[in-house]
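> Give me the fold of what follows.
(one chain, ligands or ions: 1)
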Amino acid sequence: MSSKHKITAMNTAPSNSHVDFLPENKLLLNAVGEGIYGFDLNGNAVFINPAAERMTGWSAEELLGKNIHNCHHHSHADGSHYPQEECPIYNTLHDGIAREISHELFWRKDGSSFPVHYTSTPVYKANKLIGVVAIFRDISIQKQTEDSLRQALEQVQALSEKLASENDYLHTELESHTGDVNISGDSPLIQRLIQQIKLVANTNSTVLISGENGTGKELVARNIHKLSNRSDKPLVCVNCAAFSPTLLESELFGHEKGAYTGATARRKGRFELAHQGTLFLDEVAELSLEAQSKLLRVIQEQEFERVGSSTSIKVDIRLVTASHHDLLKRVEQGLFRMDLYYRLNVFPLHVPPLRERLSDIPTLVSHIVAGLNKKLGKKIKGVSKKGLSNLMSYAWPGNVRELQNILERQSILAQGHVLQIPTLAQQTDTPAAHTLLTLEQVEASHIRYCLKQLNWRISGPNGAASLLGLPASTLRSRMKKLNIRRPS
Ligand SMILES: Nc1ncnc2c1ncn2[C@@H]1O[C@H](COP(=O)(O)OP(=O)(O)OP(=O)(O)O)[C@@H](O)[C@H]1O
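Down below sits the predicted model:
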């Protein structure tokens with residue numbers, strides 16, 4: 001209500017400026033359901049209607065001519081003293097500005113109180129402030145409804161938050177993992193790995209899986225969980241490299257609403273979601289030193305706090321971590337805490353690169369092709385003999401994931417039921433390329449690499465022959481022998 005709202009006394013108030021009400025006005029004011037007080041300039045009650053009497057328990061006789069603030073507006077909700085100078089009604093008496101308040105309470109005669117909404121409106125006569133009218137109503141029911149609505153909303157919010165985090169997680173899980181989790185391979189290296197997985201699965205020991213990218217570290221983690229007595233509880237996977245340090249912390253430990261810009265709601269972290277199950281931290285070397293300290297504490301005490309909260313949450317999790325980095329080297333470089341390294345490396349498992357177990361390729365091919373047939377709706381029976389020999393003559397810098405990609409590409413291109421795999425070009429800049437190749441393969445790969453760099457120019461000062469120190473005719477005959485052709 002603005003200060004423009006003012007009541008002009010329509011009464012026959014005497015010249016001593018008392019607020020008086022005409023009998024017909026009084027009749028009207030007595031009939032309304034809201035409590036009404038009229039005050040003179042000294043703050044004393046000059047009018048009290050029956051609704052006000054009912055609400056406060058004070059009768060008009062008891063209050064008329066008295067200072068009402070001292071009767072039922074003397075204290076705040078917490079019981080502290082409410083000085084009259086701070087009271088909006090009395091302020092209106094002094095400055096003539098109307099006010100509207102809805103966060104205060106009035107005290108009843110019996111000492112109880114009720115929340116009120118009230119307005120204090122100045123009363124003018126001949127443009128002279130002569131008093132104030134306060135109109136109030138009991139808003140207990142409204143407050144109760146608001147409180148229960150707020151509580152219900154908080155419950156709905158907590159539930160939807162919980163569902164959202166679980167849903168998020170389940171979606172990621174579904175996207176990242178379809179099909180079975182068996183580990184294919186007949187090589188002694190893989191058989192030994194499977195044996196170790198079986199041994200460690202049913203303990204609660206922390207496992208650190210090492211191995212190059214695409215070797216199957218996550219697959220190993222899934223098998224550990226699947227074979228453990230936690231298999232009916234969640235396996236929660238986090239790729240530590242996929243988040244900035246701040247986001248990773250809140251991803252792992254969760255956050256309270258408002259913990260940082262963008263934290264619009266409370267969210268559970270992966271540690272909480274993994275309670276009683278297994279937490280798989282992939283690319284653990286990427287954890288910031290701060291996150292490493294927190295992780296160390298969770299391992300030691302099995303408890304942590306959400307970002308922005310000081311309440312500890314206890315969890316029972318089995319931790320499996322993986323890294324393609326040499327973690328010990330990172331400890332030496334000061335990038336990884338040594339105490340954490342030893343906590344994680346309780347049971348180390350190494351997944352060997354594919355080039356050290358080429359004999360696994362036929363089994364892997366059958367397994368992958370079976371999956372691709374389902375995925376692509378094809379009926380591919382296998383790979384040609386020559387194709388298989390090409391697959392087994394390659395160094396697989398991208399390991400099983402690269403094998404999957406090549407088979408998928410060839411399956412899409414295939415016309416018949418047997419995949420023809422061409423010779424696979426080694427990337428000469430990968431160290432793996434030099435491991436298990438014949439001289440002829442290295443030669444072919446290097447010639448191809450030079451030709452590609454020089455846009456397939458053979459002769460002339462900028463040609464590949466001159467770069468390789470060969471006559472152009474010799475390079476041409478080597479290309480023919482090694483079946484090197486410019487791709488169309
Ligand atoms: N022995 C195996 N048998 C069957 N599939 C395998 C095998 N090893 C790996 N794979 C498959 O290869 C793909 C890559 O494996 P995975 O994601 O586990 O590797 P990773 O070492 O965790 O890779 P990165 O380090 O890049 O995260 C997956 O689809 C996995 O199922």
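> What count of nearby residues applies to Leu199?
12 (other CB atoms under 10 Å). To be clear about C-beta, it is placed using only N, CA and C from the backbone, and glycine gets the same treatment.
> now do Ser393
Residues near Ser393, counting by other CB under 10 Å: 16.
> so which strand or helix has the nearest residue to it once chain neighbours are set aside?
Counting by CB to CB, 6 or more residues apart in numbering, Gln441 is the residue found nearest to Ser393 once chain neighbours are left out, at 6.2 Å. Assigned by DSSP states H and E, Gln441 belongs to helix 439-453.
> residue closest to the middle of this structure?
Glu251 (5.1 Å; CA atoms, centre = their mean).
> okay, now the domains of this structure?
7-138, 177-352, 355-421, 438-488 (automatic domain parsing).
> which secondary structure elements does the helix or strand where Pro348 lies contact?
Secondary structure assignment for Pro348, by DSSP H and E: strand 347-350. If you count contacts as 3 or more CB pairs under 8 Å, 6 or more residues apart in numbering; DSSP states H and E, strand 347-350 packs onto helix 188-201, strand 207-210.
> and the ones you listed, which is most packed in?
Ranked by mean neighbour count, these are led by strand 207-210 with a mean of 23 (mean count of other CB atoms under 10 Å).
> can that one be found next to the ligand?
No: residues of strand 207-210 contacting the ligand under CB under 6 Å from any ligand atom: none, with a closest distance of 7.9 Å.
> before we move on, the earlier item: in TSV, list the helices and strands packed on strand 347-350 along with mean pLDDT.
TSV is the format used below for these (pLDDT from 0 to 100):
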stretch	mean pLDDT
helix 188-201	93
strand 207-210	97
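> closest point of the protein to the ligand, which residue?
Minimum separation of the chain from the ligand (CB to the nearest ligand atom) falls at Gly216, amounting to 2.7 Å.
> Correct me if wrong: that residue contacts Pro352.
No: with contacts counted by CB atoms under 8 Å, Gly216 stays clear of Pro352, the gap being 9.6 Å.
> higher neighbour count, those two?
Per other CB under 10 Å, whichever of Gly216 and Pro352 has more neighbours is Gly216, with 24 against 19.
> Provide a list of residues in contact with that one.
Neighbour list for Gly216: 183, 351, 399-400 [criterion: CB atoms under 8 Å, 6 or more residues apart in numbering].
> can you check Arg267 too?
Counted by CB under 8 Å, 6+ apart, Arg267 has contacts 161, 164-165, 250, 254-255.
> And the contacts of the helix or strand in which His103 is found?
Using DSSP H and E, His103 falls within strand 99-107. Strand 99-107 has contacts (CB under 8 Å, 6+ apart) with 1, 55-56, 71-77, 88-89, 91-92, 113-120, 136, 139.
> Would you list the buried entries among those?
The neighbour count (16 or more other CB atoms under 10 Å) marks 55-56, 71-74, 88-89, 91-92, 113-120, 136, 139 as buried among those.
> so for the helix or strand just after the strand holding Pro348, what's the average pLDDT?
For strand 347-350, the following helix or strand on the C-terminal side (DSSP H and E) is helix 361-376. Average pLDDT, helix 361-376: 93.
> for stretch 278-289, same thing?
Taken as a whole, stretch 278-289 has a mean pLDDT of 93.
> which parts of it are buried?
So, applying 16+ other CB under 10 Å, buried residues of stretch 278-289: 278-287.
> Also stretch 339-353?
340-341, 343-344, 347, 349-353.
> The residue nearest to Ser393 and Met392 touch, don't they?
No: using CB under 8 Å, Gln441 is not in contact with Met392, being 11.6 Å away.
> more neighbours, those two?
Gln441 (19 against 15).
> before we move on, back to that, which residues are contacting the following helix or strand past the helix holding Gln441?
Per DSSP H and E, the first helix or strand lying C-terminal to helix 439-453 is helix 464-468. With contact meaning CB under 8 Å, 6+ apart, helix 464-468 is reached by 447, 450-451, 454, 456-460, 471-472, 474-475.
> Which members of the residues you listed are classed as buried?
By 16+ other CB under 10 Å, the contacts of helix 464-468 give 447, 450-451, 454, 457-458, 472, 475 as buried.
> where's the dip in pLDDT among the residues you listed?
Leu454 (70).
> Tell me how many other residues crowd the spatially closest residue to that one that is not a sequence neighbour.
For Leu454, ignoring the flanking residues on the chain, the nearest one in space by CB to CB, 6+ apart is Ala464 at 5.1 Å. Residues near Ala464, counting by other CB under 10 Å, number 24.
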